[in-house]
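S.K.: Starting from these lines, generate the structure:
(2 chains)
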Amino acid sequence: MGQLILRVTTKLLFAPIILFAFYVQFHGDYGPGGGFQAGIIFAVAFFLHAFSYGIEETKKVLPPKALTVAMVVGVLLYAGTGVATMLLGGNFLGYDAIDPESTHHAGQHYGILIVEFGVGVTVAATMLAIFYLFTGREPDIDQDDW
Amino acid sequence: MSEFEVELTPIVLLDLAFLTMLLLVAVAMLRSRHLFAVVMLSGIYSLLSAGFFVSLDAVDVAFTEAAVGAGVSTVLMLGGMLLTARREKPKTPGRAPVALAAVFATGAALIYATIDMPAFGDPNAPANVAVGQAYVDETPNDIAVPNIVTAVLASYRGFDTLGETMVIFTAGVAVILLLGAGSLRGGREVSDKDAAGGEEQ
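M.R.: Okay, the predicted model is just below:
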């Protein structure tokens, strides 16, 4: 149990990191951030979990199969928003079609939120999928190996 | 060319300090043969770049650079490094003069090109007066989102960002196809030892 400090720190930091990811995700309209950064930060929380508890434990928390699904869902969410605006009578990704009556471009807000969420889901899932596949191939890292 | 002169304000000195440190880290990366050190230096390089972007007021880019470059890339490179040797092979001499000539020619061409560029921070530079100013002027009317970077990224250039998302998706699919076939879909797992005939790496 040589990783006690690491594990306690991970327990303390895991939830705030996820929370910060959501803040960056949904506050992108108002401050720096957006789907790309939020997806990375979300993935980093699970990296930390994998470092302190081992990749096999992390795979129990977030199964690799869910990641492949999430990768596709994110892209479809983005492209689907474009198709939806076309069906509503606008251009592809012309978000104003979502709420054409709005005087303050509410449709743009909704559209940006949805596509940014799609970006975040895809980025987080892809980064974790790549991480799983890279690190899952060498289960034991010797402490003296560095 | 305009008459704008760059003053040596503290911010410009900070930019120069960042650029100097970036150069030093890059040289250190080139000279090191220890892959762990190179990975760590590349993380430092990304963090310095992020600091440089903050000093240029490009906080969105800095945020991405810090998260992707200094964070995830370093972790993924460490993960990749675990699968290979810890040290780079000694370099093989041979085409070094040709490479050096090519690098110097490209560098000279790039430096020659900077002569025509507007001065650093010139308010009348094309980037600041043409399309950039149009986005600043029109975003409150068109998009009504406070962060103009987000407005450009997700709305004005939504096609670009869809393409970027597809690039990331494709990268993930490529890695899954190369490394993960048989494990993610519940098929037969193939270990390295089976594939390489029991050969130890």
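S.K.: hey, which helix or strand in chain A has the poorest pLDDT?
M.R.: helix A:55-61 (a mean of 89; mean pLDDT, DSSP states H and E).
S.K.: other SSEs contacting the next helix or strand after that helix?
M.R.: Following helix A:55-61 in sequence order, the next helix or strand is helix A:64-87 (DSSP states H and E). Applying 3 or more C-beta pairs under 8 Å, 6 or more residues apart in numbering or on different chains; DSSP states H and E, one finds that helix A:64-87 makes contact with helix A:106-135, helix B:158-179. Heads up, the C-betas are built off the backbone N, CA and C, glycines and all.
S.K.: low pLDDT regions in the chain?
M.R.: Answering for chain A, as no chain was given. In the predicted model, chain A carries pLDDT under 70 at residues A:1-2, A:138-146.
S.K.: try chain B instead
M.R.: B:1-3, B:93, B:180-201.
S.K.: So B:Leu82 versus A:Ile112, what's the distance?
M.R.: When C-beta to C-beta, to the nearest Å is the yardstick, B:Leu82 and A:Ile112 sit 39 Å from each other.
S.K.: Quick check on those two: which one has the bigger neighbour count.
M.R.: More neighbours surround A:Ile112 than the other of B:Leu82 and A:Ile112, with 26 against 15 (other C-beta atoms under 10 Å in any protein chain shown).
S.K.: can you pull the contacts of the closest residue to the more buried one other than its chain neighbours?
M.R.: Closest residue to A:Ile112 apart from its sequence neighbours, by C-beta to C-beta, 6 or more residues apart in numbering or on different chains: B:Ala154 at 4.3 Å. Contact analysis of B:Ala154 by C-beta atoms under 8 Å, 6 or more residues apart in numbering or on different chains lists A:Gly28, A:Gly34, A:Gly111, A:Ile112, A:Val115, A:Glu116, B:Thr161.
S.K.: again, but for A:Ala97
M.R.: A:Thr85, A:Leu88, A:Gly89, A:Gly90, A:Asn91, A:Gly107.
S.K.: nearest residue to it other than its sequence neighbours?
M.R.: That would be A:Gly90: by C-beta to C-beta, 6+ apart, it lies 2.7 Å from A:Ala97.
S.K.: returning to what we had before: now the contacts of B:Ala154: which count as buried?
M.R.: Buried members of the contacts of B:Ala154, counted by 16 or more other C-beta atoms under 10 Å in any protein chain shown: A:Gly28, A:Gly34, A:Gly111, A:Ile112, A:Val115, A:Glu116, B:Thr161.
S.K.: rewinding a little: touching, the residue nearest to A:Ala97 and A:Asp99? I think so.
M.R.: No: look at A:Gly90 against A:Asp99 with C-beta atoms under 8 Å: they stay out of range, at 10.7 Å.
S.K.: follow-up on the earlier one: can you give me the buried ones in the least confident helix or strand of chain A?
M.R.: A:Ile55, A:Thr58, A:Lys59.
S.K.: Neighbours of B:Pro90, how many?
M.R.: B:Pro90, neighbours per other C-beta under 10 Å, totals 7.
S.K.: again with B:Leu153
M.R.: Neighbours of B:Leu153 using other C-beta under 10 Å come to 23.
S.K.: Tell me the spatial nearest neighbour of residue 129, not counting adjacent residues.
M.R.: I'll assume chain A. Nearest to A:Ala129 is A:Leu67, by C-beta to C-beta, 6+ apart, at 4.5 Å.
S.K.: wrong one, chain B
M.R.: B:Pro123 (7.8 Å).
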